[in-house]
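*Asks:* Got a predicted model here, sequence first, then my questions.
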Amino acid sequence: MHILLVNIRVKPEATAEFRRVTLENARHSIQEPGVARFEVLQQQDDPTRFTLIEVYRTSDDPARHKETAHYKAWAEAVGPLMAEARTRALFTNLFPDDEGWG
């Protein structure tokens with residue numbers, strides 16, 4: 001599994017719109033065969049901060065995800081909503097083993 005955590009900070013007035021377009025992207029993303037999980041989290045004590053947890057089955061699947069129409073629409077929509085550039089970190093799965101991701 002290839003696990004990507006994306007941290008995003010949006011403009012305070014943009015939180016509702018960011019949530020809307022990000023949840024739409026997530027609903028489509030979990031339909032992709034290469035996506036094992038796609039989670040959207042909003043920080044409780046700072047609702048302008050979001051974390052996306054993206055779990056891909058192979059190292060090629062993140063690139064495939066970025067070629068989808070729903071990702072391209074999301075990326076275009078959220079650019080102006082962000083307060084700063086998003087950050088990301090790639091993780092290696094340790095537990096549960098890859099078969100435990102379903």
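*Replies:* Now that the structure is in, tell me what you want to look at. Numbers count the residues shown, from 1 in each chain.
*Asks:* Could you pull out the helices in the chain for me?
*Replies:* For the chain, the helices defined by DSSP state H cover 15-29, 61-66, 69-78.
*Asks:* quick one: low-confidence ranges for the chain?
*Replies:* Judged by pLDDT under 70, the chain has its weakly predicted residues at 101-102.
*Asks:* mind redoing it with 90?
*Replies:* 1, 92-102 (pLDDT under 90).
*Asks:* so how far does stretch 75-82 reach from one end to the other?
*Replies:* Start to finish, the residues bounding stretch 75-82 are 11 Å apart (Cα to Cα, to the nearest Å).
*Asks:* Could you do stretch 76-96 as well?
*Replies:* 34 Å.
*Asks:* Give me the buried positions along that stretch.
*Replies:* 77, 78, 81, 82 (16 or more other Cβ atoms under 10 Å). To be clear about C-beta, it is placed using only N, CA and C from the backbone, and glycine gets the same treatment.
*Asks:* picking that back up, I'd like to know which of the helices of the chain is closest to residue 46.
*Replies:* With respect to residue 46, and counting by Cβ to Cβ, the nearest of the helices of the chain is helix 15-29 at 10.1 Å.
*Asks:* Need the contact partners of the closest one.
*Replies:* Residues outside helix 15-29 that contact it (Cβ atoms under 8 Å, 6 or more residues apart in numbering) are 8, 10, 35, 38-40, 42, 47-48, 50, 52, 54, 65, 68, 70-71, 73-74, 77-78, 81.
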